[in-house]
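Visitor: only geometry, no sequence info:
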């Protein structure tokens with residue numbers, strides 16, 4: 001059984017930092033296309049970052065230079081380091097895995113989400 005569990009969310013003031021953690025079990029993170037997504041109330045889901053099969057990382061334009069996605073193969077974990085947070089980053093953040101090494105844009109497994117709230 002595949003399980004993705006996010007943690008690390010919380011409430012911070014603008015300019016602050018948070019590190020989100022996605023702990024994976026039932027699959028090998030380094031052999032999967034994995035990503036971070038977010039959804040704010042009343043808005044559609046956004047793709048924040050994707051670590052591809054060739055270990056290139058895609059970032060949403062609005063987070064480039066502020067967010068960094070990475071993987072810890074030893075702990076089968078994915079991280080999202082978020083710096084210089086802005087109120088518009090407020091959302092529920094989810095991690096997901098495609099279940100395959102090649103990125104196709106279809107994610108088979110999702111975590112339950114962790115809330116990030118940034119106040120001005």
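Guide: Yep, it's here. It should be emphasised that the depicted structure is a prediction, and the values quoted were computed from it without experimental measurement. Numbers count the residues shown, from 1 in each chain.

Visitor: list the contacts for the closest residue to residue 98 other than its chain neighbours?
Guide: Of all residues not flanking residue 98 in the chain, residue 33 sits nearest, at 4.2 Å (Cβ to Cβ, 6 or more residues apart in numbering). Where you see a C-beta, it was placed from the backbone N, CA and C, and this is true even at glycine. Taking Cβ atoms under 8 Å, 6 or more residues apart in numbering, we find residue 33 in contact with 50, 51, 52, 53, 97, 98, 100, 101, 102, 103, 104.

Visitor: any idea how far residue 33 lies from residue 83?
Guide: 24 Å (Cβ to Cβ, to the nearest Å).

Visitor: tell me where this protein has strands.
Guide: Secondary structure of the chain (DSSP state E): strands located at 3-7, 10-13, 18-25, 34-39, 46-51, 57-59, 67-72, 77-82, 91-97, 109-110, 114-119.

Visitor: with mean pLDDT and mean neighbour count added, can I get those in CSV?
Guide: Formatted as CSV, the strands of the chain follow (pLDDT from 0 to 100; neighbours: other Cβ atoms under 10 Å):
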stretch, mean pLDDT, mean neighbour count
strand 3-7, 97, 17
strand 10-13, 98, 13
strand 18-25, 97, 19
strand 34-39, 97, 23
strand 46-51, 96, 20
strand 57-59, 94, 15
strand 67-72, 94, 18
strand 77-82, 97, 21
strand 91-97, 98, 23
strand 109-110, 98, 16
strand 114-119, 98, 17
